[in-house]
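Trainee: dropping the sequence and predicted coords here.
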Amino acid sequence: MKTLIILLLLALHITTAQTSSKYVAVTMDDLPLSIAARVDNAELDRVTTLLLKQIAEARTPVTAFVNENKLEVNGKRDPQRVATLKRWLDAGIALGNHTYAHKSQNRVPVPEAKEDIVKGMRSIHELYAARGERPRWFRHPYLQTGRDSLTRATLTAFLDSLGYGIAPVTLDNADWLFASAYDKAVAANDSAGMHAVAAEYLPYIMAKARYYAWMSDTLYKRQIPQILLLHANRLNGDHYAALCAEFRKDGYAFITLDEAMKDEVYRQYDTFFGGGGISWLERWAKTRGVTREFFAKEVPVPMSIKERAGIYEE
Ligand SMILES: [Zn+2]
């Protein structure tokens with residue numbers, strides 16, 4: 001009898017372990033730094049050091065997406081900034097194309113969107129070519145994938161012809177808004193303010209993770225491998241490792257974008273052509289025709305953070 005109970009407990013434990021396995025792939029946008037245009041090369045290099053240190057400490061794979069024009073100083077590509085970008089690749093982080101000037105594919109004509117993609121290839125392709133490799137992922141600015149089916153199909157085929165796969169986002173959030181509040185506190189030398197923003201940041205992201213885990217469960221009766229969107233900013237430069245520790249506490253293991261993309265969930269078509277740069281989980285839900293109430297559990301950014309940032313739109 002005792003053996004049977006132990007066996008049953010063991011079986012239960014194994015089942016729990018299997019059903020609780022959750023996976024997340026981290027992507028980081030707007031390299032070399034979201035606010036690159038507003039900082040000098042020394043500050044850019046300093047924050048890069050912080051981000052790379054945090055990523056190494058967290059021991060997570062990361063795929064990061066570059067805006068070529070953020071490598072420029074006074075309208076010219078700056079060799080020092082390219083060298084700073086190379087540090088990411090040297091640290092084992094995969095780099096992808098996030099366009100030259102971060103133009104929305106919902107807003108600009110197709111030829112202009114194509115030009116922005118091509119101009120976004122310059123430095124990442126050079127850095128990869130030096131290793132006999134090439135970048136393979138593209139991330140849409142604002143997660144806007146084309147205002148109609150023709151625009152989307154045309155640009156998707158164009159990206160495909162350049163050898164790019166589209167990197168979706170399921171675990172969307174407004175880390176950029178927290179980062180803006182954080183930068184204001186940094187500029188004001190307000191360490192209590194920095195602390196207050198960070199204290200709200202981690203629970204917010206984890207609440208978002210639970211929201212999208214619920215959505216995955218509701219739509220697919222399982223936990224799909226999630227793709228998290230973060231940005232290259234000072235906030236993550238100080239708190240990325242702590243955030244990853246929270247994910248692990250919640251039962252997540254970290255995987256690469258390539259591993260996540262093997263899941264069949266990412267083979268789905270979506271017919272979402274709205275203006276918002278929303279999560280792919282929300283696109284698939286809308287494609288299924290869910291009602292507005294389906295999104296009632298959405299997690300808002302706390303008002304205190306919006307007030308600090310002076311930004312009221314998420
Ligand atoms: Zn971006």
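Mentor: Nice, I can see it.
Trainee: can you give me the distance of Pro225 to the ion?
Mentor: Here Pro225 is placed at a distance of 22 Å from the ion (CB to the ion, to the nearest Å). In short, each C-beta sits where N, CA and C put it, glycine included.
Trainee: tell me the pLDDT at that residue?
Mentor: pLDDT for Pro225: 98.
Trainee: next: the one 3 residues further on.
Mentor: In this model, Leu228 is scored at 98, pLDDT.
Trainee: that one: what secondary structure?
Mentor: strand (DSSP: H, G, I helix; E, B strand; the rest coil).
Trainee: what's the closest residue to it other than its chain neighbours in contact with, if anything?
Mentor: Nearest residue to Leu228, sequence neighbours excluded (CB to CB, 6 or more residues apart in numbering): Leu171, at 4.2 Å. Contacts for Leu171 were tallied using CB atoms under 8 Å, 6 or more residues apart in numbering; they are Val24, Lys208, Ala209, Tyr212, Gln226, Ile227, Leu228, Leu229, Ser279.
Trainee: and the residue of this protein nearest the ion?
Mentor: Asp29 (4.1 Å; CB to the ion).
Trainee: before we move on, the earlier item: neighbour count and distance to Ala91 added to the contacts of Leu171, as a markdown table?
Mentor: Shown next, in a markdown table, are these (neighbours: other CB atoms under 10 Å; distance: CB to CB, whole Å):
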| residue | neighbour count | distance to Ala91 |
| --- | --- | --- |
| Val24 | 24 | 20 |
| Lys208 | 20 | 26 |
| Ala209 | 22 | 25 |
| Tyr212 | 25 | 28 |
| Gln226 | 25 | 23 |
| Ile227 | 27 | 20 |
| Leu228 | 27 | 18 |
| Leu229 | 23 | 20 |
| Ser279 | 23 | 28 |
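Trainee: surely Leu257 and Ile227 touch.
Mentor: Yes: counting by CB atoms under 8 Å, Leu257 does reach Ile227; the two are 6.7 Å apart.
Trainee: shared neighbours of those two, which are they?
Mentor: Counting by CB under 8 Å, 6+ apart, the residues touching both Leu257 and Ile227 are Ala25, Thr27, Ala167.
Trainee: in strands only, show me these.
Mentor: Among the shared contacts of Leu257 and Ile227, the members falling in strands (DSSP state E) are Ala25, Thr27.
Trainee: need the residues of the chain near the ion, please.
Mentor: Within the chain, the positions near the ion by CB under 5 Å from the ion are Asp29, Asp30.
Trainee: tally of neighbours for Leu51?
Mentor: A total of 27 residues lie near Leu51 under the criterion other CB atoms under 10 Å.
Trainee: what's near enough to touch it?
Mentor: Leu51 makes contact with Met28, Ala232, Asn236, Gly237, Tyr240, according to CB under 8 Å, 6+ apart.
Trainee: run the last query once more with 10 Å
Mentor: Going by CB atoms under 10 Å, 6 or more residues apart in numbering, Leu51 touches 28, 31-33, 62, 64, 87-88, 91, 93, 230, 232-234, 236-238, 240.
Trainee: pull the CA atoms of the helix or strand containing it into PDB?
Mentor: Per DSSP states H and E, Leu51 falls inside helix 41-58. Output of helix 41-58 as PDB, limited to C-alpha atoms (Å, rounded to 0.1, in the frame of the first residue of the first chain):
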ATOM      1  CA  ASN A  41      28.500  57.300 -27.400                       C
ATOM      2  CA  ALA A  42      29.900  57.000 -23.900                       C
ATOM      3  CA  GLU A  43      26.400  56.700 -22.400                       C
ATOM      4  CA  LEU A  44      25.400  54.300 -25.200                       C
ATOM      5  CA  ASP A  45      28.400  52.100 -24.400                       C
ATOM      6  CA  ARG A  46      27.700  52.300 -20.600                       C
ATOM      7  CA  VAL A  47      24.100  51.100 -20.900                       C
ATOM      8  CA  THR A  48      25.100  48.400 -23.400                       C
ATOM      9  CA  THR A  49      27.600  47.100 -20.800                       C
ATOM     10  CA  LEU A  50      24.800  47.000 -18.200                       C
ATOM     11  CA  LEU A  51      22.400  45.200 -20.600                       C
ATOM     12  CA  LEU A  52      24.900  42.600 -21.600                       C
ATOM     13  CA  LYS A  53      25.900  42.000 -18.000                       C
ATOM     14  CA  GLN A  54      22.300  41.500 -17.000                       C
ATOM     15  CA  ILE A  55      21.700  39.100 -19.900                       C
ATOM     16  CA  ALA A  56      24.800  37.100 -19.000                       C
ATOM     17  CA  GLU A  57      23.800  37.000 -15.300                       C
ATOM     18  CA  ALA A  58      20.300  35.800 -16.300                       C
END
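Trainee: so how far is that helix off the chain centroid?
Mentor: How far helix 41-58 lies from its chain's middle: 17 Å, per CA atoms, centre = their mean, to the nearest Å.
Trainee: show me which residues of that helix are buried.
Mentor: Leu44, Asp45, Val47, Thr48, Leu51, Leu52, Gln54, Ile55, Ala58 (16 or more other CB atoms under 10 Å).
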